[in-house]
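**Q** pasting the sequence and the predicted coordinates here, then a few questions.
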Amino acid sequence: MLIEVDKIPHEGLEVRRDFEFLSGDLVEEEAVFLEPAHVEMKVSRFGEEVWIKGCLKARLSVICSRCLRPFEFPLDLSFDLIYLPEELEEVKEELEEQDINQLFYYNRQIDLRQVVLEQINLAFPLKPLCSETCEGICPVCGQVRQEGRCQCVNELSDPRLEKLKSFKR
């Protein structure tokens with residue numbers, strides 16, 4: 001959904017919409033959308049600056065990085081962004097840490113679909129977990145530890161450190 005910067009009315013623009021994305025659009029390769037992303041946002045223009053403030057809700061299926069099982073990952077987030085024209089991109093080098101929400105628009109257009117996708121991708125944790133207490137899988141047999149304990153001896157040792165064991169006695 002492209003928005004022409006020059007056509008944003010003085011009172012701003014209210015957008016309520018569902019966006020559908022492909023799983024390949026996400027940084028989390030195994031993630032799958034369970035439903036379209038619902039977005040409500042207000043787009044306002046102040047001179048050359050375009051402010052986008054909104055909230056986003058989506059449900060995805062993600063693979064836990066410990067137990068390797070899929071789990072539902074709900075997103076409910078808000079965002080507050082400022083877009084500057086591409087002519088000001090040379091000030092990009094001078095942006096401070098507090099200016100992290102400042103982005104640039106090109107050809108006097110902003111693609112709201114891309115704005116929403118960026119917010120979804122930024123919301124993903126580095127290591128998605130089905131729960132903080134997830135114990136993962138046994139490194140020997142692959143048994144999911146939440147389903148019960150296996151009989152594996154979990155004493156994996158580095159052969160380079162074997163000589164150090166004799167000092168312990």
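**A** Everything's here; your move.

**Q** and this protein, what are its domains?
**A** The chain breaks down into these domains under automatic domain parsing: 2-132, 135-169.

**Q** tell me the first helix or strand C-terminal of the one helix or strand Ser61 maps to.
**A** Assigned by DSSP states H and E, Ser61 belongs to strand 49-63. Proceeding N to C from strand 49-63, the next assigned helix or strand is strand 70-85, under DSSP H and E.

**Q** show me what the strand holding Ser61 packs onto, helices and strands only.
**A** Contact partners of strand 49-63 among helices and strands, from 3 or more C-beta pairs under 8 Å, 6 or more residues apart in numbering; DSSP states H and E: strand 32-33, strand 37-46, strand 70-85, helix 112-123. Just so you know, the C-beta spots here come from the backbone N, C-alpha and C atoms, and that holds for glycine as well.

**Q** closest one to Glu147 among the ones you listed?
**A** Closest approach to Glu147 among these is made by strand 70-85 (14.7 Å; C-beta to C-beta).

**Q** just the pLDDT for the closest residue to Cys152 other than its chain neighbours.
**A** For Cys152, ignoring the flanking residues on the chain, the nearest one in space by C-beta to C-beta, 6 or more residues apart in numbering is Val140 at 4.0 Å. For Val140, the model assigns a pLDDT of 83.
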